[in-house]
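Asks: structure, please.
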Amino acid sequence: MTADIAAELTALADSIDQRLDNEHADRQTICEDLAARIRELRLQMLGSAPTRPASVGPFDTEQQARDLPAVHAIYDAARASNQRGVMDRETYLMLFRACEAAGVDLGGPSSYDRRILTWLANWSRRSVLWSPA
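Replies: Numbers count the residues shown, from 1 in each chain. As a prediction, this is how the structure comes out:
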């Protein structure tokens, strides 16, 4: 283990202690935040830390946005399923992962920010993503 990883793990342990000392802290949010950080550290240790994709925007045309693999994956999942709501769920996950990758703290499962993501995921497809041609 490198000294950098060891230092980050020590800082993470200190953060856990501090956050759990607050009796009003949302335990689920703490766990979710820490789980995400532990995943990042694990990837760093394995030498495959996530990198920013080359095509994350901004885009000049609708077609550029349509060509994103994440958009194709959402439509593929919807086409492959006979269940209702697959596209909404997949769109929510795409938005959630984008926020997570950007370091946005969305709070707990019933937080206002997550409800807004749910609302946005259920909004018109053209507002969030586009159907591949």
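Asks: average pLDDT across stretch 7-17?
Replies: The average pLDDT for stretch 7-17 rounds to 76.
Asks: buried residues in it?
Replies: Neighbour counts over stretch 7-17 (16 or more other CB atoms under 10 Å) mark no residue as buried. Heads up, the C-betas are built off the backbone N, CA and C, glycines and all.
Asks: how about stretch 19-36?
Replies: By neighbour count, with 16+ other CB under 10 Å as the criterion, the buried positions of stretch 19-36 are Asp26, Thr29, Ile30, Glu32, Asp33.
Asks: ditto for stretch 58-67
Replies: Applying a neighbour-count criterion of 16+ other CB under 10 Å, the buried positions in stretch 58-67 are Ala65, Arg66.
Asks: and the buried residues of stretch 19-36 as CSV, adding distance to Trp123?
Replies: Below are the buried residues of stretch 19-36 laid out as CSV (distance: CB to CB, whole Å):
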residue, distance to Trp123
Asp26, 27
Thr29, 25
Ile30, 30
Glu32, 24
Asp33, 27
